[in-house]
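Peer 1: Build me a model from this:
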Amino acid sequence: MKHARALARRVLPLLVFALAFASAPEAQVASAPQVRVILRPAVAKLGERVVYRVELIGGFSVWQPPAWMAPDSGTAFSWGEPRQGVTKGHTFEGVRFGPRARRGEAHTATPDTAWVEIPLQVFELGIVSIPGLGFRYQASGATPAISSARAPIARLIVMPVLTAADSNATLRPLHGPLAAPWWERVPWPWVIGGLLLLVLLALAIRTLRRRRVKAPAAAPARAPLSPAAAALQALAELRALDLPGQGRFSEHAFRLGQILRRYLEATVSATHPGDTTPELVRHLREAGLSSDDVKRLAGLLRVWDRVKFAREAFTHDEAVRAESAVEGFVRRALGPASAEAA
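Peer 2: This next block holds a predicted model:
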C-alpha cells in the first residue's frame, strides 16, 4: 500500500507536466479578429454622402494598431479623408461596489476594437458592391506575427434623386439666361462722351453771348474847368462847410489861401508852387498886377499867415469879407459881366 502511494506521488507530477506541455501549442495559437462593415445609411440617393465603417474586433495587438490600406477607387466611387482609432476593451472582473457587488455580479469581458471611418459617395444606381478595405495587423499571442486581411464586401442600395413617384412631377419650364442688370447694359463711354459734348456746347454758347454784349458807352469826358471856374467852385464848397460858424478859423484861412494860390499859379506865370508870402507878393508885382490888387492880396496873405501860425484872433465877419475879397478878385479877371453877377 505504501509502495502504491509512493508511485502515485511520482507519476502525478509527470502527468500534470505532460498535460501542460500538450496544451501549450493550443494556447500559443491566436484567434483571428472579427471584421464587421457598417454603412450609414444603408440606402442612399445618387451622390449622397455615406459613412463607410470597418471594425476589427479582437485578435490584434493593442501595442501596434492595424494599418489600413487605401480603398479601391473606381469611376463610381469618391472617397473622403479617413478617420481611425482604437477602443479599449474590458477584462472579466466582479463588480466592486453597490448592490451588484453584494449580489456577486461581474462585468463581462469585451475585446479591443480598431475602427476606421471614410466618407463615401456613390454615382451608380442599383445595388452597388463596395470592395472590402484591406488592412495589416499584428496578431495577439505568445508568438505575434504580421498578417494581412480584407474586410468583406458591403452592398449599398443607391436610389435615383427623382424616384418613379416623381415621374409626373410638374417641372418649371425652361428659361433663357437672365438679362444683365441695367448698369451693365448702358453704353457708358457714349453717355460720358455725350455729356462732355453738352458741357463744351454750353461753354461755347456762354462765350459767344459774352462777346455779343456791348461794352457800356463811356461817359463823355467833362471839359476841364477854367482856373477861375475851379476857384469859384472851390469857394462854394468852402462856404458850404461853414468853418467860421464852427470857430475853425485856422482851417478856414488855410483852405482859402490854397484856393487863391492855385488860382494865381494857374493864371500868373511868374508864381511858383511853394512860394512864401513875400516871394509870392514880389512875383505878383513882377507879373504886372495892379498895385491895388497886389496890396489887397498881400494884406489877405499876411493876415492868414498870422491866423494859421500865430493863432491871431479872427472873427466871423472878417472871414466872410476875406471870402468875398477872393471871389471879387477872381470874378474881375473873368470880365465885367461876372463882376456884376458877384
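
Peer 1: Any regions of the stretch 201-342 of the chain where pLDDT drops low?
Peer 2: Applying pLDDT under 70 to the stretch 201-342 of the chain flags residues 213-223, 270-271, 334-342.

Peer 1: What segments of it are helices?
Peer 2: 227-241, 249-267, 277-287, 291-309, 316-334, 336-341 (DSSP state H, counting those that start in this stretch).

Peer 1: just the ones you listed: most buried one?
Peer 2: helix 249-267 (a mean of 19; mean count of other CB atoms under 10 Å). All C-beta spots, glycine's among them, are computed from the backbone N, C-alpha and C.

Peer 1: Show me how far it is from its chain's centre.
Peer 2: Counting by CA atoms, centre = their mean, to the nearest Å, helix 249-267 is centred 76 Å from the centre of its parent chain.

Peer 1: Output the contacting helices and strands for that helix.
Peer 2: On a contact count with 3 or more CB pairs under 8 Å, 6 or more residues apart in numbering; DSSP states H and E, helix 249-267 meets helix 227-241, helix 277-287, helix 291-309, helix 316-334.

Peer 1: rerun that using 7 Å as the cut-off
Peer 2: Under the contact criterion of 3 or more CB pairs under 7 Å, 6 or more residues apart in numbering; DSSP states H and E, helix 249-267 touches helix 227-241, helix 291-309, helix 316-334.

Peer 1: if we can go back for a sec, can you put the helices of the stretch 201-342 of the chain in CSV and add distance to residue 177?
Peer 2: What follows is the helices of the stretch 201-342 of the chain, written out as CSV (distance: least, CB to CB, whole Å):
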stretch, distance to residue 177
helix 227-241, 92
helix 249-267, 97
helix 277-287, 108
helix 291-309, 104
helix 316-334, 103
helix 336-341, 105
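
Peer 1: so which of those helices comes closest to residue 188?
Peer 2: Residue 188 lies closest, by CB to CB, to one member of these: helix 227-241, at 71.6 Å.

Peer 1: So this protein: which segments form each domain?
Peer 2: Here the domain parsing of the chain from automatic domain parsing is 34-161, 227-341.

Peer 1: Distance to residue 198 for these - can I get that in JSON lines?
Peer 2: As requested, these are exported to JSON lines (distance: least, CB to CB, whole Å):
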{"stretch": "domain 34-161", "distance to residue 198": "58"}
{"stretch": "domain 227-341", "distance to residue 198": "59"}
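
Peer 1: Go through those domains and name the closest to residue 193.
Peer 2: The nearest among these, by CB to CB, is domain 34-161 at 52.5 Å.

Peer 1: now that closest one: how far from the chain's centre is it?
Peer 2: In this view, domain 34-161 has its centroid 56 Å away from the chain centroid, taken as CA atoms, centre = their mean.

Peer 1: Kindly provide the whole-number mean pLDDT of it.
Peer 2: Mean pLDDT, domain 34-161: 82.

Peer 1: mind checking the end-to-end distance for it?
Peer 2: 36 Å (CA to CA, to the nearest Å).

Peer 1: Tell me the bridge partners for the closest residue to residue 36 other than its chain neighbours.
Peer 2: Using CB to CB, 6 or more residues apart in numbering and skipping the chain neighbours, the partner closest in space to residue 36 is residue 55 (4.5 Å). Here residue 55 sits in beta bridges with residue 36, residue 115, as judged by DSSP bridges.

Peer 1: Next, count neighbours for residue 55.
Peer 2: The tally of other residues near residue 55 (other CB atoms under 10 Å) stands at 17.

Peer 1: pretty sure it contacts residue 112?
Peer 2: No. Residue 55 is beyond contact range of residue 112, at 10.9 Å (criterion: CB atoms under 7 Å).

Peer 1: show me what contacts residue 307?
Peer 2: 249, 250, 253, 314 (CB atoms under 7 Å, 6 or more residues apart in numbering).

Peer 1: looking at the helices of the stretch 201-342 of the chain, which is closest to residue 120?
Peer 2: Nearest to residue 120 among the helices of the stretch 201-342 of the chain is helix 227-241 (116.9 Å), distances taken as CB to CB.

Peer 1: contact partners of the closest one?
Peer 2: 225, 255-256, 259, 263, 266-267, 323, 326-327, 330, 333-334.

Peer 1: Dump those residues to JSON lines, plus distance to residue 132.
Peer 2: Shown next, in JSON lines, are the contacts of helix 227-241 (distance: CB to CB, whole Å):
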{"residue": "225", "distance to residue 132": "131"}
{"residue": "255", "distance to residue 132": "132"}
{"residue": "256", "distance to residue 132": "137"}
{"residue": "259", "distance to residue 132": "135"}
{"residue": "263", "distance to residue 132": "138"}
{"residue": "266", "distance to residue 132": "135"}
{"residue": "267", "distance to residue 132": "140"}
{"residue": "323", "distance to residue 132": "140"}
{"residue": "326", "distance to residue 132": "141"}
{"residue": "327", "distance to residue 132": "142"}
{"residue": "330", "distance to residue 132": "141"}
{"residue": "333", "distance to residue 132": "144"}
{"residue": "334", "distance to residue 132": "143"}
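
Peer 1: and which of these is nearest to residue 178?
Peer 2: residue 225 (89.4 Å).
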